[in-house]
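> When you get a sec, could you give me coordinates for this:
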Amino acid sequence: MALTIREVERLRVPGRYLDEHGLYLQVMSPTNRSWILRFQRDGRERWAGLGPVHTINLKEARERARKARQQLLDGVDPIEARLAARDAQRKEETERITFKAAAEKFLALHESGWRNAKHRQQWANTLKTYAYPTLGARPVKAIDTALINQTLAPIWQSIPETAARVRHRIGRVLKWVADGMPLPKPAVSKRRKNHPALPYTELPGFMIELRGRQGVSSLALQFLILTAARTGEVIGAKRDEFDFEGEGKVWTVPASRMKGGREHRVPLSDPAIELLRTLPTEKNNDFMFIGGKKGTGLSNMALLELMRGMRPGFVPHGFRSTFKDWCSESTNFPNMVSEAALAHAIGDKTEAAYRRGDMIEKRRKLMDAWARYATTKPADATSGNLIPIRKAR
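Below is the predicted model of the structure:
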């Protein structure tokens, strides 16, 4: 039965409520409600966002859903079409930008990288004096070598050194725009910065919220947490690296994808295996966590974007610290076991000499305990009565 306007106004309990023809009202919280459209594309389930309820009413949501279904009927993926339209708009805006506007953006963005204030002032003054009168109001895409030569001709003989510098600076701005206006390389800090980590006491609640999210990114982040692995190890995982059967139940990460350059065996807990068995598959795609494009895995930004939407300021890599804090403060497992689970290099030469194995069975007990903690309702997470949460609707 289709939703009514009154029902849309009063529905506040988290969940998904079907309207008609794949259109759902998604309630994340009383103040976070939106419209989403479920559809099948190339045999895979996909969800397209149609806008928040406070902006898009029921009638408008149905119209947006109808247009999306028309695109599907014409063989067009509405999600990919929307992304392509955004890319085209960005490209058009870039092509319309004038040289003066581009130069000012370039100067503002690279200000911290100049040697000193005098150097920055020289850049600004020479462009203002010699480039802007001719090039300033022109679109960057309309500027060619002939126009640059025309601009510099009056000073080419009289002040050749300045002319050469201006030509170089004009070229820098034009190339920066052509490259997509990239951000400058960050200054290298000698101080090690820790990744922001979610407190382990908040993890069970976060996992419930995460399991309520749809999509491969959510499943990949859950698996990253359950295995205390790095993002690159998870998104690059291939199906032939996993052994689900027998006593093995191991994920073997090849040395080529490990930070330390050594093969790493990860014991798989039952929740991790259950999650892997639910993953969508794609013909001729060996990635365990398949991406949005055929034959690919998830992008290296997928999990970071998910975290930004759920917990701004935190990053996926921080869950390794969450895991380590939990091991240190809430368990009796030896430090060397948790360090081995994280595939950390052994700093102590004496310890390294004695520890020749990878302690796989001891780590299996640790990862089983971690999985129980992570998938336990928050009210019972610190008690002895562990109650596994039910699967999200």
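> Which parts of the stretch 101-250 of the chain are helices?
117-126, 132-135, 145-156, 160-178, 203-211, 216-227, 231-235 (DSSP state H, counting those that start in this stretch).
> And those helices: which comes nearest Arg44?
helix 216-227 (9.4 Å; CB to CB). C-beta here means a position set from N, CA and C on the backbone, and glycine is covered the same way.
> which helices and strands does that closest one pack with?
With contacts taken as 3 or more CB pairs under 8 Å, 6 or more residues apart in numbering; DSSP states H and E, helix 216-227 sits against helix 203-211, helix 231-235, helix 270-277, helix 302-310, helix 318-330, helix 360-374.
> 6 Å - rerun?
Packing partners of helix 216-227 (3 or more CB pairs under 6 Å, 6 or more residues apart in numbering; DSSP states H and E): helix 231-235, helix 270-277, helix 302-310.
> pLDDT at Asp179, what is it?
For Asp179, the model assigns a pLDDT of 83.
> Give me the number of neighbouring residues for it.
8 (other CB atoms under 10 Å).
> tell me the contacts of it?
Applying CB atoms under 6 Å, 6 or more residues apart in numbering to Asp179 gives no contacts.
> right, and the secondary structure at Ala61 would be what?
helix (DSSP: H, G, I helix; E, B strand; the rest coil).
> Please verify my assumption that it contacts Trp35.
Yes - Ala61 is within contact range of Trp35, at 4.1 Å (criterion: CB atoms under 6 Å).
> that older thread, Lys118 is nearest to which of the helices and strands packed on helix 216-227?
Where the helices and strands packed on helix 216-227 are weighed against each other on CB to CB, the nearest is helix 302-310, at 38.4 Å.
> and the closest one, which residues are buried?
By neighbour count with 16 or more other CB atoms under 10 Å, helix 302-310 contains the buried residues Ala302, Leu303, Leu304, Leu306, Met307, Met310.
> Kindly export stretch 315-325 (C-alpha atoms) in CSV.
Output of stretch 315-325 as CSV, limited to C-alpha atoms (Å, rounded to 0.1, in the frame of the first residue of the first chain):
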residue,chain,number,x,y,z
VAL,A,315,38.8,7.7,9.3
PRO,A,316,38.6,3.9,8.6
HIS,A,317,42.2,3.4,9.5
GLY,A,318,41.4,4.6,13.0
PHE,A,319,39.5,1.4,13.8
ARG,A,320,42.9,-0.3,14.1
SER,A,321,43.6,2.0,17.0
THR,A,322,40.1,1.3,18.3
PHE,A,323,40.9,-2.4,18.2
LYS,A,324,44.3,-1.9,19.9
ASP,A,325,42.8,0.2,22.7
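> which residues are contacting that stretch?
195-198, 200, 203, 224-225, 228, 231, 303, 307, 342.
> Just the buried residues of those.
Buried among the contacts of stretch 315-325 (16+ other CB under 10 Å): Ala197, Leu198, Tyr200, Leu203, Leu224, Ile225, Ala228, Thr231, Leu303, Met307, Leu342.
> Under a three-state scheme, what state does the residue nearest to Ile79 when sequence neighbours are not counted occupy?
Excluding its sequence neighbours, the residue lying closest to Ile79 (CB to CB, 6 or more residues apart in numbering) is Ala48, at 5.1 Å. In three-state terms, and counting by three-state DSSP, Ala48 is strand.
> I figured Ala48 hits Asp77, correct?
No - contact between Ala48 and Asp77 fails when scored by CB under 6 Å: they sit 8.8 Å apart.
> pLDDT weak spots in the stretch 201-350 of the chain?
Residues of the stretch 201-350 of the chain that meet the criterion pLDDT under 70 lie in 246-247, 346-350.
> burial count for the residue nearest to Ala2 when sequence neighbours are not counted?
Using CB to CB, 6+ apart and skipping residues adjacent in sequence, the residue nearest Ala2 is Glu20, 4.6 Å away. By other CB under 10 Å, 11 other residues sit near Glu20.
> quick one, strands of the stretch 1-150 of the chain?
15-18, 23-29, 32-41, 44-52 (DSSP state E, counting those that start in this stretch).
> could you dump these to TSV with distance to Gln157, mean neighbour count and mean pLDDT?
Formatted as TSV, the strands of the stretch 1-150 of the chain follow (distance: least, CB to CB, whole Å; neighbours: other CB atoms under 10 Å; pLDDT from 0 to 100):
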stretch	distance to Gln157	mean neighbour count	mean pLDDT
strand 15-18	73	14	92
strand 23-29	67	18	92
strand 32-41	63	17	92
strand 44-52	60	16	90
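> okay, these in JSON lines with distance to Val315 next?
Shown next, in JSON lines, are the strands of the stretch 1-150 of the chain (distance: least, CB to CB, whole Å):
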{"stretch": "strand 15-18", "distance to Val315": "28"}
{"stretch": "strand 23-29", "distance to Val315": "21"}
{"stretch": "strand 32-41", "distance to Val315": "22"}
{"stretch": "strand 44-52", "distance to Val315": "23"}
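> who wins for proximity to Ile235 among these?
That would be, of the strands of the stretch 1-150 of the chain and by CB to CB, strand 44-52, which comes in at 17.5 Å.
> now for the closest one, which elements pack on it?
Going by 3+ CB pairs under 6 Å, 6+ apart, strand 44-52 lies up against strand 32-41.
> Please consider this matter closed, and thank you.
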